[in-house]
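1. Quick one: sequence plus predicted model below, questions after.
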Amino acid sequence: MDPLQKAQIMTEEDLNRTYLRFAHQFLESYEDPTRLAIVGMQTRGVYIGRRIVEVIKQEFDIDIDFGVLDVTFYRDDFRSKLKMPEVQITEIPFDLYDRDIMLVDDVLYTGRTVRSAMDALMAYGRPRKIQFCCMVDRGHRELPVAADFTGIYVPTHENEEIRVKVQEFDGEDAVYLVDMEEDI
């Protein structure tokens, strides 16, 4: 284990079970899920969202529209950061009007990224409803934001961080609690 990692919170098996649970939860309120679309937030939320879309296809034989959202320019700290932000792709290949959007991200922390994502979505159209799903809720909210669907709640200290890793980006599927005091 990496010396910065304090604990492994979720294994690949845990994550796969959570993707399946999310797929069931996302669909359970729909007789006809054609109104539902999943939008993964850059970076790891994209991979998590795609996994859920794949599970829905495999388990239910339903094709769900999928989009990718980068919130860089919608962040409230965009101009205050010293380094140049890394802007990534936004691709929403469907009309948002009157759709039920499920925003997906890896970690919910202060709530500011989710607020930014809602602003970004509204710039692309007017969804009927927006819900939010995260793999890990670590607490420490600064805005009144809550996840509609959560993989796991892990209360953290301010000097800790949650790192969700996905095979496609990180080379492994796992969730770790990391001590930030040593990560300088």
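-> Yep, that arrived.

2. which non-adjacent residue is nearest the residue most central in space within the chain?
-> Residue closest to the mean C-alpha point of the chain, counted by CA atoms, centre = their mean, is Asp105 at 0.8 Å. Here the nearest residue to Asp105 in space, its sequence neighbours aside, is Gly45; by CB to CB, 6 or more residues apart in numbering that works out to 3.8 Å. For the C-beta atoms, the positions are set from N, CA and C on the backbone; glycine is no exception.

3. Now do the helices in this protein.
-> Taking DSSP state H as the test, the helices found in the chain are 12-27, 44-60, 112-124, 167-170.

4. Out of those helices, which is closest to Asp179?
-> Counting by CB to CB, Asp179 lies closest to helix 167-170 out of the helices of the chain; the figure is 18.4 Å.

5. Contacts for the closest one, please.
-> 43-44, 47, 173 (CB atoms under 8 Å, 6 or more residues apart in numbering).

6. What is the nearest of those to Cys134?
-> Among those, Arg44 lies closest to Cys134 (CB to CB), at 10.3 Å.

7. Number of residues surrounding the closest one?
-> Close neighbours of Arg44, defined as other CB atoms under 10 Å, add up to 21.

8. Enumerate every residue touching it.
-> For Arg44, the contacting residues are 105-106, 164-166, 169, taking CB under 8 Å, 6+ apart as the criterion.

9. give me the low-pLDDT residue ranges for the chain?
-> Under the criterion pLDDT under 70, the flagged ranges of the chain are 1, 3, 75-85, 181-184.

10. Please repeat the previous calculation with a cut-off of 80.
-> Counting by pLDDT under 80, the chain contains low-confidence ranges at 1-3, 73-87, 181-184.

11. in it, which spans are strands?
-> Ranges of strands in the chain, per DSSP state E, are 5-10, 36-41, 65-69, 100-108, 129-137, 149-153, 160-165, 174-179.
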